[in-house]
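**Student:** fold the following and give me the result.
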Amino acid sequence: GAEPDEFEASVAQELLNLEMTSPDLKASLRDLYITAAKEVDVGNGRKAIILYVPYKLRKSFNKVHQRLVRELEKKFSGRHVMIIAQ
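**Tutor:** Numbering: from 1, shown residues only. You can find the predicted model right below:
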């Protein structure tokens, strides 16, 4: 695959930080990974983050979806976070 861009690297770093600092997420996040991350404009100067994850991991992501999205939205303030399996 292609090298991650700066934005993808920052999202990956936040996922690693969550894995290290959240005991309840640690076991769940250890085996999960993203294939891409994009920041998109959603109008009115607002942005959203789309995380692309492997389709085969969608059930594992679903287990931590709410918590993961909430934590990432805190870190990337003012942005919505969506997880899409592909």
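**Student:** show me the helices in the chain, by range?
**Tutor:** 6-21, 23-30, 58-75 (DSSP state H).
**Student:** what about the residue lying closest to Met82 once chain neighbours are set aside, neighbour count?
**Tutor:** Excluding its sequence neighbours, the residue lying closest to Met82 (CB to CB, 6 or more residues apart in numbering) is Ile50, at 5.1 Å. C-beta: built from backbone N, CA, C; applies to glycine. Neighbour count of Ile50, defined by other CB atoms under 10 Å: 15.
**Student:** before we move on, back to that, now the helices of the chain as a markdown table including mean neighbour count, distance to Gly43 and mean pLDDT?
**Tutor:** Formatted as a markdown table, the helices of the chain follow (neighbours: other CB atoms under 10 Å; distance: least, CB to CB, whole Å; pLDDT from 0 to 100):
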| stretch | mean neighbour count | distance to Gly43 | mean pLDDT |
| --- | --- | --- | --- |
| helix 6-21 | 14 | 19 | 94 |
| helix 23-30 | 12 | 31 | 88 |
| helix 58-75 | 15 | 18 | 94 |
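**Student:** which of the ones you listed sits closest to Val40?
**Tutor:** Proximity to Val40 (CB to CB) singles out helix 6-21 among the helices of the chain, at 11.0 Å.
**Student:** which strands and helices sit next to the closest one?
**Tutor:** Applying 3 or more CB pairs under 8 Å, 6 or more residues apart in numbering; DSSP states H and E, we find helix 6-21 packed against helix 23-30, strand 36-43, helix 58-75.
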